[in-house]
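>>> following is a predicted model, sequence given first.
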Amino acid sequence: MDAAHECFMQLLEEHRNILYKVSSAYCANAEDRRDLIQEMVIQLWRSFDRFDSSYRFSTWMYRIALNVAISFYRSERRRSGRSVSLEASLLELAAPEPESDDVQLLRQFIGELEPLNKALMLLYLDGYSYEEIGEMLGISASNGATKLSRLKQRLRLQFQEHYQDYQS
């Protein structure tokens, strides 16, 4: 294994949760999530020689992973016949930690969003700044902030409606 491949695999392992978060947001079943993760890894490796180390790897990884996920989501076709040899640990999904009902409901609501809005919420919930979100998604920071404000309001209303329906 050459130095670039070793470096890539180490960084990929350190930040693999990004792949799981993105794939979980864009794919409903485990098989599709595995396919999407594989496609994201392929694109990350193909682009690795253009990674600018003056930026955080996680920011660069998110940008590529989200672009791949959005394309995957939009195409709605199976990507068969293409495979890449990956180390077994890469495809092992970490056992999910138990989630509260509110977290599960939030995941459901986010899963129903349009692809760009899904990406905005994932990045926001991961603590990225508006500037970083804008850079990753190719929008201005103020546009991202405005969209996120509307999305948060929409999610608040969905929670209110859910719990009103639940109590009646």
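The structure has been received and is ready for your questions. Residues are numbered from 1 along each chain as shown.
>>> CA only for contacts and neighbour counts going forward, please
OK.
>>> next, give phi and psi for G138.
Dihedral angles of G138 (phi, psi; degrees, to the nearest 10) stand at phi 70, psi 30.
>>> for it, give its distance to G144.
G138 is 10 Å from G144, where distance means C-alpha to C-alpha, to the nearest Å.
>>> and those two? Which one has more around it.
More crowded of G138 and G144, by other C-alpha atoms under 10 Å: G144, with 23 against 11.
>>> and the helices in this structure?
Secondary structure of the chain by DSSP state H: the helices cover 3-14, 16-26, 30-47, 57-75, 88-91, 101-111, 115-125, 130-137, 141-167.
>>> and I70, what pLDDT?
Looking at I70, its pLDDT reads 86.
>>> and the most centrally placed residue in the chain, how far is that from E14?
Note on the chain: the residue nearest the mean C-alpha position is V22, at 2.1 Å, using C-alpha atoms, centre = their mean. Per C-alpha to C-alpha, V22 is found 15 Å from E14.
>>> residues near Q164, how many?
Q164: 10 neighbours (other C-alpha under 10 Å).
>>> now it: how far from L157?
10 Å.
>>> follow-up on the earlier one: any idea which of the helices of the chain scores lowest on pLDDT?
For these, where the average pLDDT is lowest is helix 88-91, sitting at a mean of 36.
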